[in-house]
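>>> 3D model of this:
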Amino acid sequence: MKLIQLSSYFLLTIFSSCINDDKINNANEKLSVQDELNSGPKEKQAIIVPGEKKKHLNINILLDLSDRIDPKKNPKQPDQKQRDISAIMVLCQAFKNNVNSFNAFKTQAKIKVFFHPEPYDTAIARIANDLNVLCKAGSYPEAAKYNKLLYQKIDSKFTNGLNKIYDLATKSGQYPGSNIFRFMKDEIKNCVEDTNLFRNILVIFTDGYVYDQNEKYHQRNRYSYIEKSYDHFSRFRKHGLMTVEFDKNDYGFMKANDGLSSIEVLVLELSPPKESPIDIDILKKYWNKWLNEMGVVKKSINPTGQPVYTEQYITNFLSN
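From the prediction side, this is the model:
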């Protein structure tokens, strides 16, 4: 009888030891993956991600490849390509910080690049598709390793891909632009994920003028487009007229959508011509009224500037 009890005790001890070893091995494997995720050169943590109630970042980038990126028509320095890419790399850093704020097994961060309409050049479309980065949560090491690989390659992936996209667009000399009105009407809700889990952000890179030759509508003083030369825009360059007439006579964009409270909108690189700096005020008036009427609660409309200022716009937007 004593021999049976002793044998049972011995087997129980071995079994318990195996369970503990498995737990330790699993914990070590998780720790190892997380350590690898955080390994490598230490980068400045310029972007503060939400802390108290952490959510996964869902960053959507809408690029306007109009003649705003043509170095001949827009010869400022740094050029528009450099300004856009510099800002997008700040967004990539925000994505990486957000990944770091979760366990490597749990991150679901997303960052995607859009054009609307699709560019004529299939090479541009193919490269842009490769810039859709979606982390996958899972309880297995494969999920963490997949996320780790995305994390490690995102900087080079975006730098190389964006340079190719802008160079191809510039070389072709064709600048179809971006149909922002149609995107806000038909596509923006595809940028929204479950708000209990995600912080949904749309970042629009544009000079601020909204125009597509096939998307020109208006009802009274509401328009689907604004351009420098059209009267419903240029009239407000007269000093004081915007304060008196814009809201009184109900000028603005036509409402393209509603119920957009689940997504935040950051507009970057508004670029008025040097001879008409007041255009920045007119652009902000149109954009703010438009986003308000579509239900966007958090928004920020910002002019172009040196990359250090644009970085601060992004930092402030994501931090507050």
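
>>> where does the stretch 1-150 of the chain have low pLDDT?
1-53 (pLDDT under 70).

>>> Output stretch 147-156 as PDB - backbone C-alpha positions only.
Backbone C-alpha positions of stretch 147-156 (Å, rounded to 0.1, in the frame of the first residue of the first chain) are rendered in PDB as follows:
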ATOM      1  CA  ASN A 147       3.200  41.200 -36.500                       C
ATOM      2  CA  LYS A 148       6.900  41.500 -35.700                       C
ATOM      3  CA  LEU A 149       7.800  41.200 -39.300                       C
ATOM      4  CA  LEU A 150       5.300  43.900 -40.300                       C
ATOM      5  CA  TYR A 151       6.700  46.100 -37.500                       C
ATOM      6  CA  GLN A 152      10.300  45.600 -38.600                       C
ATOM      7  CA  LYS A 153       9.600  46.200 -42.300                       C
ATOM      8  CA  ILE A 154       7.100  49.100 -42.200                       C
ATOM      9  CA  ASP A 155       9.600  51.900 -42.500                       C
ATOM     10  CA  SER A 156      11.500  50.600 -45.500                       C
END
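
>>> Next, the buried residues of that stretch.
Residues of stretch 147-156 classed as buried: 147, 148, 150, 151, 154 (neighbour count, 16 or more other Cβ atoms under 10 Å). Every C-beta, even on glycine, is put in place using the N, C-alpha and C of the backbone.

>>> Using JSON lines, lay out those residues together with distance to residue 288 and secondary structure.
Below are the buried residues of stretch 147-156 laid out as JSON lines (distance: Cβ to Cβ, whole Å; DSSP: H, G, I helix; E, B strand; the rest coil):
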{"residue": "147", "distance to residue 288": "37", "secondary structure": "helix"}
{"residue": "148", "distance to residue 288": "40", "secondary structure": "helix"}
{"residue": "150", "distance to residue 288": "35", "secondary structure": "helix"}
{"residue": "151", "distance to residue 288": "35", "secondary structure": "helix"}
{"residue": "154", "distance to residue 288": "32", "secondary structure": "helix"}
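
>>> residues touching residue 189, list them.
257, 260 (Cβ atoms under 8 Å, 6 or more residues apart in numbering).

>>> Now do the helices in the protein.
Here the chain has its helices, by DSSP state H, at 2-38, 80-100, 122-129, 141-172, 180-182, 231-234, 241-245, 279-293, 307-319.

>>> Tabulate the buried residues of stretch 147-156 (CSV), appending distance to residue 110.
What follows is the buried residues of stretch 147-156, written out as CSV (distance: Cβ to Cβ, whole Å):
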residue, distance to residue 110
147, 12
148, 16
150, 10
151, 13
154, 12
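
>>> nearest to residue 95, of those residues?
residue 154 (6.7 Å; Cβ to Cβ).
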